[in-house]
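> Here is the input, now give the coordinates:
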Amino acid sequence: MEWRDWELFCEVVEHGGFTAAARVLGHPKSSLSAAVQRLEANLGLRLIERTTRHLRLTDSGETIYRKVRPLFAALHDTHSEALAMSSAVAGTLRIKAPYEFGAHHAGPVACAVMGRYPELAIRIDVEHDIVNPIAENYDIVFAMLEAPLPSAGIVIRRVFTLERGLFAAPALLEKFGEPRTLDELRQLPLLTGPSDPPWAITAPGGAVEHLAVDRARLTSSNAHVRLQAALAGHGVLRVTASYTRAAVAAGELRRLLPDHACEPLNVHALLPARQFVPAKVRCFLDAMEAHARGDPEAYIRP
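Reported below is the predicted structural model:
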């Protein structure tokens, strides 16, 4: 009996279809379809009713999925706990991170960690949407505090607090003038993320004001798209200072209201709740903490 076919059937159901499951698992959609067809042929049962738009379980498929899925979940948990008992940093570490954080923080740390541990492979999916690490089969999901965080079956650990600032291109400032107050800043177009609440900005005296973002010139979940729009002079960008360091140094962007403080960006690591945390996960999070302290060599020294 090919138990892998049973597990792939469960994955297809759990992710709501062949396409979504193929994307998460990194398998061709055709191989998942073939696995389910083999399972149906071996059982002599129709498990899934396929349509062009929807996937629907038959009564038999619903019964089998409900009974089998917990067995595979328990098997994976046991496997993970067994690996965690070992101190070896090896295998594949699956990470999901927003673009801005992945490119400027998770990426450099991954390169350093792989240099230290040759048996470790790392996959980083750079997307903005927050997912449950258990449902999507990730070891670590990095998420921003401003977005809602799932909590069932996961551990939430804060790993980064990043300074943010307001930035604009000289071309935009030539057109509108450089703002000296928040009231003047409100006259400039903004470049925002789709889940941005009003921007909280603390004045030098300590008073906190909020800048409405509901009439942004450009809205995108991709920080690089917003950066390109800022460089082109289309609006004011609120982003981590590290993300714009090169552009500021080159004179392509200028920091606005430097005596005002934007609300920092808190980054959390979402981890599957396990009795034992795998060594590869512990190693990467330790490396991230060293990176946050400004000690990039700490986690690659023997």
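> who's in contact with His210?
By Cβ atoms under 8 Å, 6 or more residues apart in numbering, the contact list for His210 reads 198-201. In this view, the C-beta of every residue, glycine as well, is placed from N, C-alpha and C.
> of these, buried ones?
For the contacts of His210, a burial check counting by 16 or more other Cβ atoms under 10 Å picks out 199, 201.
> The contacts of His210 in strands, which ones?
Using DSSP state E, the subset of those located in strands is 199-201.
> Which of these sits closest to Pro278?
Set against Pro278, the nearest of the ones in strands among the contacts of His210 by Cβ to Cβ is Ala200 (36.9 Å).
> which residue sits closest to that closest one in space, ignoring its chain neighbours?
Spatial nearest neighbour of Ala200, chain neighbours left out: Glu263 (4.3 Å); criterion: Cβ to Cβ, 6 or more residues apart in numbering.
> Quick check: phi and psi on Asp125?
phi -100, psi 120 (degrees, to the nearest 10).
> In this structure it contacts Pro98, no?
No. Checked against Cβ atoms under 8 Å, the pair Asp125 and Pro98 is beyond contact range at 10.5 Å.
> Settle it for me: which of these two has more neighbours?
Taking other Cβ atoms under 10 Å, Asp125 and Pro98 do not tie; Pro98 has more neighbours (23 against 16).
> How about the contacts made by that one?
126-128, 142-144, 221, 223.
> Quick check: ChimeraX command selecting the buried ones in those.
Only the buried entries of these go into this ChimeraX selection, using 16+ other Cβ under 10 Å:
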select :126,128,142,143,144,221,223
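> Same list (the contacts of Pro98) but as TSV, adding distance to Tyr243.
Listed next are the contacts of Pro98 as TSV, based on distance: Cβ to Cβ, whole Å:
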residue	distance to Tyr243
Val126	14
Glu127	17
His128	14
Phe142	15
Ala143	17
Met144	13
Ser221	15
Ala223	7
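> Make TSV from the contacts of Pro98 and add secondary structure to it.
Putting the contacts of Pro98 into TSV (DSSP: H, G, I helix; E, B strand; the rest coil) gives the following:
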residue	secondary structure
Val126	strand
Glu127	coil
His128	coil
Phe142	strand
Ala143	strand
Met144	strand
Ser221	coil
Ala223	helix
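> Tell me the one among the contacts of Pro98 nearest to Glu174.
Nearest to Glu174 among the contacts of Pro98, with distances taken as Cβ to Cβ, is Ala223, at 24.6 Å.
> what comes up buried for stretch 21-37?
Applying 16+ other Cβ under 10 Å to stretch 21-37 flags 21-22, 24, 32-33, 35-36 as buried.
> Name the nearest of these relative to Lys175.
Val24 (45.1 Å).
> Go ahead and report the secondary structure state at the closest one.
Going by three-state DSSP: Val24 is helix.
> I'd like the distance between it and Val12.
Using Cβ to Cβ, to the nearest Å, one obtains 10 Å as the distance from Val24 to Val12.
> Name the residues that touch stretch 133-145?
With Cβ under 8 Å, 6+ apart, stretch 133-145 has contacts from 14, 24-25, 93-98, 101-102, 106, 125, 130-132, 149, 153-154, 159, 265-272, 278, 280-281, 284-285.
> buried subset of these?
Of the contacts of stretch 133-145, these count as buried by 16+ other Cβ under 10 Å: 14, 24, 93-98, 101-102, 106, 125, 130-132, 154, 159, 265, 267-272, 278, 280-281, 284-285.
> So which of these belong to strands?
Secondary structure defined by DSSP E assigns 93-97, 125, 154, 159, 265, 267-272 of the buried ones among the contacts of stretch 133-145 to strands.
> Just name the closest of the residues you listed to Glu209, please.
Nearest member of these to Glu209, counting by Cβ to Cβ, is Leu265, at 18.5 Å.
> shouldn't that closest one be in contact with Thr240?
Yes. Using Cβ under 8 Å, Leu265 makes contact with Thr240 at a distance of 5.9 Å.
> Quickly list the domain ranges of the protein.
Listed by the TED database, the domain ranges of the chain are 3-71, 91-161+265-293, 164-262.
> What segments of the stretch 1-150 of the chain are helices?
With DSSP state H, counting those that start in this stretch as the criterion, the stretch 1-150 of the chain has helices at 3-14, 18-25, 29-43, 59-84, 99-101, 107-116.
> same question for the shortest one, mean pLDDT?
Okay, so that is helix 99-101. Helix 99-101 carries an average pLDDT of 78.
> Please apply the same query to the last one.
Helix 107-116 shows a mean pLDDT of 92 in the predicted model.
> mind listing what's buried in that helix?
Counting neighbours by 16+ other Cβ under 10 Å, one finds that the buried residues in helix 107-116 are 107, 109-110, 112-114.
> for those residues, which one is nearest Glu184?
Among the buried residues of helix 107-116, and counting by Cβ to Cβ, the member closest to Glu184 is Gly107, at 36.5 Å.
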